[in-house]
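Participant: coords below, sequence missing:
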């Protein structure tokens, strides 16, 4: 934060007002989070139809995950195995040093130094705490101890755990036509429908800090600098400075009146001295004045022909 304050003071003030758990990896929660997006398609339907749509999707998803997990080879999930292999390759440039007990000091280049504790399963980089996968610093220590890295991966990334999770299936349900009817009970009617004015909204309410659109970046917090007057706070379109002042549009019939009003006092005195009295400069007629004037007859070309007499010889 001290380095950021030296580089950009505005960014430092903005991050200082935010909760570090929302932007700093050192304050991220290690609890698992899951955003269920299956209701996006069914949330606009009636209650029973929405519940049935979500239930059917979950039933098909569990069966699909279970069949896929049975075909896996090895003790880890395929994607987790690929990430672990990348960390194993990166651990070749790390140099671990034994600090006593199960604590090690790992150096990965100048200025990059981390602490690894295999008993507490804690690393100063916090990658293992957040993902459950060994980082390259811990892999370098495990290589020194001549142990298998798969044993230090969290259990929820193993094949056996995934099979146990998806072993409980969702039971199928009969349709409404096969439901048992109760003749001794009155039918439960829905509440009276009161539709509010306007079109119903389907977009969820966003948080204050959440961007309104994800297609383009927001201009919030960006300082606008005018390319004409070089002043921060506006652009050249709304510039009102000396260089970029907005001259109002003047109509044609107002040109003569504006010219007379903008004349200097010396020019007005010279005009009064020469003519003896102020005279208004001729102005162009307006549309109403031009329409009220009497139209002159059009001059048509004469169609008469002149015949010259030539004496006979």
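Facilitator: It's in. Given the structure is predicted, the values throughout are model-derived calculations rather than measurements.
Participant: low pLDDT regions in the stretch 201-313 of the chain?
Facilitator: Residues of the stretch 201-313 of the chain meeting the criterion pLDDT under 70: 214, 242-313.
Participant: typo on my end, the stretch 1-150 of the chain
Facilitator: For the stretch 1-150 of the chain (pLDDT under 70), the answer is 25, 29-36, 121-122.
Participant: make it 90
Facilitator: Along the stretch 1-150 of the chain, segments meeting pLDDT under 90 span 1-50, 73-75, 83-150.
Participant: what about the strands in it?
Facilitator: 95-98, 103-107, 113-117, 122-123 (DSSP state E, counting those that start in this stretch).
Participant: and what of the stretch 151-300 of the chain?
Facilitator: Under DSSP E, counting those that start in this stretch, the stretch 151-300 of the chain gives no strands.
Participant: ranges for the helices of it?
Facilitator: 159-165, 255-261, 265-275, 287-292 (DSSP state H, counting those that start in this stretch).
Participant: contacting residues for the residue nearest to residue 154 when sequence neighbours are not counted?
Facilitator: Leaving out its chain neighbours, the residue that sits closest to residue 154 by Cβ to Cβ, 6 or more residues apart in numbering is residue 132, at 3.3 Å. In this view, the C-beta of every residue, glycine as well, is placed from N, C-alpha and C. Residue 132 makes contacts with 153, 154, 156, 157, as judged by Cβ atoms under 8 Å, 6 or more residues apart in numbering.
Participant: from the residues you listed, which two are the most distant?
Facilitator: The most widely separated members of the contacts of residue 132, counting by Cβ to Cβ, are 153 and 156 (9.2 Å).
Participant: so which of those two has more stuff around it?
Facilitator: Of the pair residue 153 and residue 156, residue 153 is the one with more neighbours under other Cβ atoms under 10 Å, namely 22 against 12.
Participant: do I have it right that the more buried one meets residue 133?
Facilitator: Yes: using Cβ atoms under 8 Å, residue 153 is in contact with residue 133, at 6.1 Å.
Participant: what's the overlap in contacts for these two?
Facilitator: Common neighbours of residue 153 and residue 133 (Cβ under 8 Å, 6+ apart) are 80, 84.
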